[in-house]
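1. What follows is a predicted structure for the sequence shown.
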Amino acid sequence: MRTRIIVLAVVTSATLTVHAQRGRGGAPGPPVKMHKNDLESSYIEMPVPPGLQQYAKLEGARMKQFVNEITGVARKDRDSGNKYWGRIAGSKADAEVEELVAARFREFGLQDVRKQVFDLPPQWWALDWELRASSAGTAPLSFKTAFPGIRSTATPAAGVDLAVVWVGMGTELDFAGRDVKGKLAFIHSEPKPSGFQHTAAFTGALQRAADKGAAAVVVNISIPGNVTNEAASAPGIPTFMIGNQDAAALEKMLAGGAVTMHVKLTTEMRSGLKDASVWGTLPGGSDEDIVIIAHHDSYFEGAFDNASGMATMLGLAEYYAIPQAQRRRTLRFVTTAAHHAGSPGVAWMHDNKATALAKTVLMLNCEHTSITQIYEYGPALRRSTDINARRWWVHGSDRLAAIALDAWKTFGVTIFDGMEAGASGDMGSVSRDLPSIQLIVSPMFYHSDHDTPDTVPAQGLAASARAYAKIIDDVNRLDRATLAPASLSQ
């Protein structure tokens, strides 16, 4: 009897708890008006502190105009009918952005505006592709988000028809008992934190599929919604990415029986392509200089990658287009060539550092400078009114690090808790050659068709540019030796 009483008490308590939770979650009642928030005007922005009002001239709305101009070039490339689209290094669209930047440099009054042209090695190019799934008794499936993995192996001209095998997340345990030889391996991958960095890539799932004899791979990078991603390929076999909704439809088809996938991918290697770094100079009161860089090529619209960085650089170029006597040091602005094709522009700086950087006291990299903070909330993505935190790097003295950290704090630039062990992005190869600083973020929509201007808050552009301007001004009060790390001072 006592046991029954205890069980009844537990069940009653659980029932009351469930009812209480439902009540807090919004029990049925009168209709509720769903109030709207204008996200674009609601992003958190630190007011410019007293005594620093000059930096208010770096307006986020102005730099957002640059973002829209730059991404517009990529959209035009897409609308012309290119399936593999964006400001791809060596493409007509990328060259158009180089001209756009050069025109802005001249408009702002920069001197010695010029292109430094580089020959690119043969470039992989996707021309056309198709994924089509079929199963007995059901309508065929096509996939809106199907996109080939970068440098994927092509299929024969007519394509191939392959049995589809689900292999979960592609771990060794997931492959156990599943024969993928001569078949298509369908892999689920989690973004960590994006389609560019995802589990199938860094846990070896792609290599594993190839090693076990798969004839092709389809990867679902599980970002809520239906996102088209560019990402790495399995070695030696055709590879495609698909979004969540497309993957759910394929999973449903697989649950009903055997599925065959028609896979077709046409590619070519393009030789003779060129790309260019665009330079512009604002002479100062000495032969020492500060170099500000930002890469210009992109996949898809490339709004935060890297129209945001280019907009930040252009904002700084316009801001410092003041009488020469007011600039202690020369400022050199460079939109660097072919970031996604080996970064030859920055590699040239590294190889020629004894001359090209002989008088450079600091390099600033403007890369991915503003992106809205996005959260996964159940099966959906939710945008917030804050700016995503940036990874950060300082190669320099304690004094230089203090200047950077103070500037970011002053203008509310969100950063990670600790510095990265090395610089990434376009600064990677040159970062230890001289004092250098960068911010960079690689969030959910990195290298995807969702990297659009509406994900780039003007407030974040303003914060990054104002902080960089304060860093430049503070550095210009110090001599070169005070800025350099011990490794460069000896």
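-> Sure, I can see it.

2. Residue 165 is in contact with residue 254, correct?
-> No: the pair formed by residue 254 and residue 165 falls short of the contact definition of Cβ atoms under 8 Å, at 9.0 Å. Any C-beta I mention is one placed from the backbone N, CA and C, and that applies to glycine too.

3. More neighbours: the two, which one.
-> When neighbours are counted by other Cβ atoms under 10 Å, residue 165 comes out ahead of the other of residue 254 and residue 165, with 20 against 16.

4. Which helix or strand contains the more buried one?
-> strand 160-166 (DSSP states H and E).

5. Please enumerate residues in contact with that strand?
-> Strand 160-166 is contacted by residues 133, 178-180, 182-186, 214-216, 218, 238, 250-251, 254, 258-264 when judged by Cβ atoms under 8 Å, 6 or more residues apart in numbering.

6. Check the contact lists of residue 254 and residue 165 and give me the overlap.
-> In terms of Cβ under 8 Å, 6+ apart, residue 254 and residue 165 are both contacted by the residues residue 186.

7. Dig out what the closest residue to residue 259 other than its chain neighbours forms beta bridges with.
-> Distances taken as Cβ to Cβ, 6 or more residues apart in numbering place residue 164 nearest to residue 259, at 4.3 Å, with adjacent residues excluded. Each beta-bridge partner of residue 164 is listed here: residue 184, as defined by DSSP bridges.

8. What separation is there between residue 164 and residue 262?
-> Between residue 164 and residue 262 the computed distance is 11 Å (Cβ to Cβ, to the nearest Å).

9. rewinding a little: what does the model give the residue nearest to residue 259 for pLDDT?
-> We note a pLDDT of 98 for residue 164 in this prediction.

10. start at 45 instead
-> Noted, 45 is the first residue going forward, which turns the last one into residue 208.

11. What is the burial count for it?
-> Here the neighbour count serves as a burial measure; for residue 208 (other Cβ under 10 Å) it reads 22.

12. Quick check: neighbours shared by residue 208 and residue 306?
-> In the contact map built from Cβ under 8 Å, 6+ apart, the residues linked to both residue 208 and residue 306 are residue 177.

13. Pull the number of nearby residues for the nearest residue to residue 433 once chain neighbours are set aside.
-> Taking Cβ to Cβ, 6+ apart as the measure, residue 433 lies nearest to residue 458, with 4.3 Å between them; neighbours along the chain are not counted. Counted with other Cβ under 10 Å, the burial measure for residue 458 works out to 16 neighbours.

14. Same check on residue 218?
-> The burial count for residue 218: 17, using other Cβ under 10 Å.

15. if I look at it, how far off is residue 487?
-> 27 Å.

16. now do residue 530
-> Counting by Cβ to Cβ, the gap between residue 530 and residue 487 amounts to 34 Å.

17. and if you look at residue 174?
-> Residue 174 sits 30 Å away from residue 487 when distances are taken as Cβ to Cβ.

18. In terms of neighbours, single out the busier of these two.
-> In terms of neighbours (other Cβ under 10 Å), residue 487 is the more surrounded of residue 174 and residue 487; the figures are 21 against 15.

19. quick one: what helix or strand has the more buried one in it?
-> According to DSSP H and E, residue 487 maps onto no helix or strand at all.

20. Enumerate every residue touching it.
-> Contact criterion Cβ under 8 Å, 6+ apart gives 237, 238, 348, 415, 418, 432 as the residues in contact with residue 487.

21. Looking at the residues you listed, spot the one nearest residue 201.
-> Of all the contacts of residue 487, the one sitting nearest residue 201 is residue 238; the distance, using Cβ to Cβ, is 33.4 Å.

22. ok, that closest one - how many residues close by?
-> Neighbour tally, residue 238, other Cβ under 10 Å: 21.

23. How about residue 492?
-> 27.

24. Same question for the one 10 residues further on.
-> Neighbouring residues of residue 502 were enumerated by other Cβ under 10 Å; the total is 22.

25. if I look at the residue lying closest to it once chain neighbours are set aside, how far off is residue 180?
-> With Cβ to Cβ, 6+ apart as the measure, residue 104 is the residue that lies nearest to residue 502, at 3.2 Å, once sequence neighbours are left out. Summarising the geometry, the distance separating residue 104 from residue 180, computed by Cβ to Cβ, is 56 Å.

26. the helices in the stretch 295-444 of the chain, which residues?
-> When assigned using DSSP state H, counting those that start in this stretch, the helices of the stretch 295-444 of the chain occupy the ranges 352-363, 388-395, 397-400, 442-454.

27. just these: most buried one?
-> Most buried of the helices of the stretch 295-444 of the chain by mean neighbour count (mean count of other Cβ atoms under 10 Å) is helix 352-363; its value is a mean of 28.

28. Quick one: residues in contact with it.
-> Contacts made with helix 352-363 from outside it, assessed by Cβ under 8 Å, 6+ apart, are listed as 101-103, 106-108, 110-111, 114, 141, 145, 148-149, 152, 154, 324, 326, 336-340, 375, 377, 379, 409-415, 500, 504-505, 508-509, 512-513, 516.

29. Only C-alpha atoms, please: export that helix in PDB.
-> Once non-C-alpha atoms are left out, helix 352-363 reads as follows in PDB (Å, rounded to 0.1, in the frame of the first residue of the first chain):
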ATOM      1  CA  SER A 352      32.900  43.800 -44.600                       C
ATOM      2  CA  GLY A 353      36.700  43.900 -44.400                       C
ATOM      3  CA  MET A 354      37.000  45.800 -47.700                       C
ATOM      4  CA  ALA A 355      34.300  48.300 -46.500                       C
ATOM      5  CA  THR A 356      36.300  48.800 -43.300                       C
ATOM      6  CA  MET A 357      39.500  49.400 -45.300                       C
ATOM      7  CA  LEU A 358      37.700  51.900 -47.600                       C
ATOM      8  CA  GLY A 359      36.200  53.600 -44.600                       C
ATOM      9  CA  LEU A 360      39.600  54.100 -43.200                       C
ATOM     10  CA  ALA A 361      41.000  55.300 -46.500                       C
ATOM     11  CA  GLU A 362      38.300  58.000 -46.800                       C
ATOM     12  CA  TYR A 363      38.700  59.000 -43.100                       C
END
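
30. Need the helices of the stretch 295-444 of the chain in a markdown table (columns: mean pLDDT and distance to residue 213).
-> Formatted as a markdown table, the helices of the stretch 295-444 of the chain follow (pLDDT from 0 to 100; distance: least, Cβ to Cβ, whole Å):
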| stretch | mean pLDDT | distance to residue 213 |
| --- | --- | --- |
| helix 352-363 | 98 | 32 |
| helix 388-395 | 96 | 35 |
| helix 397-400 | 96 | 43 |
| helix 442-454 | 97 | 37 |
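
31. Can you lay out these as TSV showing distance to residue 369?
-> Conversion of these to TSV gives the following (distance: least, Cβ to Cβ, whole Å):
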stretch	distance to residue 369
helix 352-363	16
helix 388-395	28
helix 397-400	26
helix 442-454	23
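
32. what's the closest of these to residue 319?
-> Of all these, it is helix 388-395 that lies closest to residue 319, at 7.2 Å by Cβ to Cβ.

33. for the closest one, packing partners?
-> Here helix 388-395 is seen to pack against strand 155-163, strand 318-326, strand 374-380 when contacts are counted using 3 or more Cβ pairs under 8 Å, 6 or more residues apart in numbering; DSSP states H and E.

34. Okay then, goodbye and thanks.
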